[in-house]
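*Asks:* Below is the structure, and that's it, no one-letter string:
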């Protein structure tokens, strides 16, 4: 793995303070949509931070919809985008170090994080990854050829094809998730701080 970790704090955040509201709280504000529940305790931990961020940002957006953006708003937006891009680049590099493309990494996360007792269908994976059906099929084909996933028929509906991780795929996504969750928390805190600067400002 690369020796220099992604540092979200360096992207522009400087003020501490995050809440604990879950990601579903964001649904109540300005049309934010949470597509599915966080599937396990580790992801829910990140979800509480991200949910607080999304909820507060939604309220802030609604309250300032009719105001002109300030210089500080543009600076905050830049810091927001820089943090996201640095995290994305860091995540892609981590995946590449273990022989995955970043899209394959996302696929493995979608399979591992899918809630329920059965693996996700190809259609569900397309929804998670925001892909067209044929693109999801091609992605699964390549991951299967590489030995990361395998298809199996749904026991109750032969028309449905489900996708599960192989032992190697499970090992890789678990290894990557251990380090990614730490960086996700840093990113969530950084973005939370950047976007909530106005709470520390008078008026």
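*Replies:* Received it, and whenever you're ready, just let me know what you need. Quick caveat, the model's predicted, so the values are computed rather than measured.
*Asks:* Can you show me the strands along this structure?
*Replies:* 149-153, 161-165 (DSSP state E).
*Asks:* count of residues packed around the closest residue to residue 168 other than its chain neighbours?
*Replies:* With Cβ to Cβ, 6 or more residues apart in numbering as the measure, residue 147 is the residue that lies nearest to residue 168, at 5.5 Å, once sequence neighbours are left out. The way it works is simple: take the backbone N, C-alpha and C, and place the C-beta from them, glycine included. A total of 11 residues lie near residue 147 under the criterion other Cβ atoms under 10 Å.
*Asks:* low-confidence ranges in the chain?
*Replies:* Flagging of the chain using pLDDT under 70 yields the residue ranges 1-66, 195, 197-203.
*Asks:* just checking, what's the longest helix in it?
*Replies:* Longest helix in the chain, counting residues (DSSP state H): helix 167-195.
*Asks:* Any buried residues in that helix, and which?
*Replies:* Applying a neighbour-count criterion of 16 or more other Cβ atoms under 10 Å, the buried positions in helix 167-195 are 169-170, 172-173, 176-177, 180, 183-195.
*Asks:* tilt between that helix and strand 161-165?
*Replies:* 90 degrees (axes from the mean of the first three to the mean of the last three Cα atoms, to 10 degrees).
*Asks:* and helix 167-195, what other elements does it pack with?
*Replies:* In terms of contact count using 3 or more Cβ pairs under 8 Å, 6 or more residues apart in numbering; DSSP states H and E, helix 167-195 is assigned the packing partners helix 41-63, helix 71-97, helix 102-113.
*Asks:* Buried residues, the shortest one. List them.
*Replies:* Pointing back at helix 102-113 there. Of the residues in helix 102-113, 103-113 count as buried by neighbour count, 16+ other Cβ under 10 Å.
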